[in-house]
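Engineer: Next come a sequence and a model predicted from it.
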Amino acid sequence: MKLFSKKEAKPELPPLKFPEFPKEEPKIPAYEQGISPAEAASIKQAITMPGLEIPIRKPMPVRPTFTEKPAYTAPEHERETQKRGQTLFIKMERYKEAIIKMEHIKETISEAEKILRKLDEIKRQEDEELARWHQDLEVIKSKILSIDNSLFEG
């Protein structure tokens, strides 16, 4: 049973079909809906009048909180690549090979599971047979004891 082979038949994949997405029209903010351009200009002028100061609150930045350690931390050389903004490319042939090998590994694991189930069944049958032998042996011992008692008492 070989796990990895040099050449395997590669399945042909169907061509990709990308969905058509609807084009969105630019949204008009709710505060500008139903306002004429003249009204909007007068509002802007009133806001920008000198002496009129409206405090503007900036939203607090939200920092993610992690309750546990991330599952994967990239090695230092990968983090450097990410900092520099470089993109990592993988050849499709290598990716397809990895997919094929993963499928083969899954098949091997399922075969091993079947074998283990069969071994469990055999072990269960063996345990039942041993229990019957123990019972038979106890019955034989009790009969011998009763014979022995009847011979030497009488």
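Structural biologist: It's in.
Engineer: if I look at Leu137, how far off is Ile147?
Structural biologist: Note on Leu137: its distance to Ile147, by C-beta to C-beta, to the nearest Å, is 16 Å. Placement of C-beta: from N, CA and C, glycine included.
Engineer: Over to Lys96?
Structural biologist: Distance from Lys96 to Ile147, counting by C-beta to C-beta: 77 Å.
Engineer: Which one of these two is surrounded by more residues?
Structural biologist: Between Lys96 and Ile147, counting by other C-beta atoms under 10 Å, Lys96 is the more crowded of the two (13 against 10).
Engineer: got any ranges where the chain has weak pLDDT?
Structural biologist: Within the chain, the stretches with pLDDT under 70 are 1-11, 13, 16, 18-19, 21, 25-34, 46-58, 60, 62-88, 154.
Engineer: Which parts of it are helices?
Structural biologist: 37-47, 76-83, 92-153 (DSSP state H).
Engineer: Give the other helices and strands that the longest one contacts.
Structural biologist: Put plainly, it is helix 92-153. Applying 3 or more C-beta pairs under 8 Å, 6 or more residues apart in numbering; DSSP states H and E, one finds that helix 92-153 contacts no other helix or strand.
Engineer: Output the helices of the chain in CSV; the columns should cover distance to Glu12.
Structural biologist: Shown next, in CSV, are the helices of the chain (distance: least, C-beta to C-beta, whole Å):
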stretch, distance to Glu12
helix 37-47, 59
helix 76-83, 33
helix 92-153, 11
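Engineer: between those helices, which one is nearest to Lys17?
Structural biologist: helix 92-153 (18.0 Å; C-beta to C-beta).
Engineer: Tell me the spacing between His134 and Glu128.
Structural biologist: Distance of His134 to Glu128, given as C-beta to C-beta: 11 Å.
Engineer: and what of Ala112?
Structural biologist: Using C-beta to C-beta, one obtains 25 Å as the distance from Ala112 to Glu128.
Engineer: before we move on, what about Lys118?
Structural biologist: Per C-beta to C-beta, Lys118 is found 16 Å from Glu128.
Engineer: Same question for Glu24.
Structural biologist: 70 Å.
Engineer: cool, Lys44 as well?
Structural biologist: Look at Lys44 and Glu128: by C-beta to C-beta, they are 90 Å apart.
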